[in-house]
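>>> sequence unavailable; structure follows:
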């Protein structure tokens with residue numbers, strides 16, 4: 001009796017499996033996801049990869065008009081409405097966000113993440129922009145901007161690094177600047193080779209070069225070749241390890257009321273036949 005029941009259950013199980021295998025396939029989304037384009041391209045969204053030509057390959061466009069004008073560009077990734085919209089032959093670009101890298105035509109190896117990040121870049125290469133309107137306008141190369149509106153007005157500057165809200169905001173042609181902190185070097189337009197660390201660091205510097213500014217706004221619009229650390233009236237003590245007990249030869253270091261360090265100027269270079277006083281100075285000391 002038990003054997004017959006077992007046989008019937010097995011037979012019913014086979015019928016169920018057979019029925020499932022013959023049932024029509026139900027898709028998760030309708031219409032089905034895009035794909036199957038020549039050259040291993042993928043497009044999802046109205047008019048995404050609209051202008052694609054047969055020699056373009058390995059592109060991914062997700063969003064309305066993403067990579068719309070791309071004809072022969074390769075290995076691009078655009079995710080967002082109008083992302084990489086104007087790209088035609090540029091390659092190896094990554095744009096994530098609405099209008100990211102919008103005007104890029106043939107620039108390559110750029111990465112833009114955020115609303116309108118690198119939006120006005122046309123032929124720029126090797127830039128990285130993370131944040132809304134970061135590095136919006138540039139033809140410069142090898143810039144890195146992380147933060148809302150960081151390096152947003154850069155036009156031809158190269159090799160700049162901006163980390164923080166509106167860091168290096170107004171830089172246009174300056175190059176090789178490093179700004180770390182909210183509004184660091186935010187008014188600098190043409191200065192180059194500056195280093196600013198801290199909130200509002202070097203925010204007074206506009207056209208200065210070769211400044212190192214830490215924790216202060218800087219000395220003025222055109223101050224150059226200057227090191228400034230700390231803010232007068234805020235930092236009242238300075239400690240630097242490795243100085244006390246260290247023996248060196250040279251001249252004495254002095255500090256003025258503004259905190260500037262320097263050495264006393266000797267008049268020896270203007271004199272001749274200088275001789276040691278030896279014991280003559282003893283008579284003077286007795287006075």
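Alright, I've got the coordinates. Just so we're clear, the structure is a prediction, and the values are computed from it rather than from any experiment.
>>> what are the boundaries of the strands in the stretch 151-287 of the chain?
161-163, 178-180, 195-197, 212-214, 227-229, 253-255, 261-263 (DSSP state E, counting those that start in this stretch).
>>> using TSV, please lay out the ones you listed together with mean pLDDT, mean neighbour count and distance to residue 98.
The way it works is simple: take the backbone N, C-alpha and C, and place the C-beta from them, glycine included. Below are the strands of the stretch 151-287 of the chain laid out as TSV (pLDDT from 0 to 100; neighbours: other Cβ atoms under 10 Å; distance: least, Cβ to Cβ, whole Å):
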stretch	mean pLDDT	mean neighbour count	distance to residue 98
strand 161-163	98	25	22
strand 178-180	98	24	26
strand 195-197	98	24	31
strand 212-214	98	20	35
strand 227-229	97	16	40
strand 253-255	89	10	54
strand 261-263	89	10	51
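>>> for the ones you listed, give me a markdown table that also has distance to residue 94.
Listed next are the strands of the stretch 151-287 of the chain as a markdown table, based on distance: least, Cβ to Cβ, whole Å:
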| stretch | distance to residue 94 |
| --- | --- |
| strand 161-163 | 19 |
| strand 178-180 | 24 |
| strand 195-197 | 28 |
| strand 212-214 | 33 |
| strand 227-229 | 38 |
| strand 253-255 | 51 |
| strand 261-263 | 47 |
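>>> any idea how far residue 263 is from residue 244?
19 Å (Cβ to Cβ, to the nearest Å).
>>> quick one: closest of the strands of the stretch 151-287 of the chain to residue 116.
Minimum separation from residue 116 across the strands of the stretch 151-287 of the chain (Cβ to Cβ) falls at strand 161-163, 16.1 Å.
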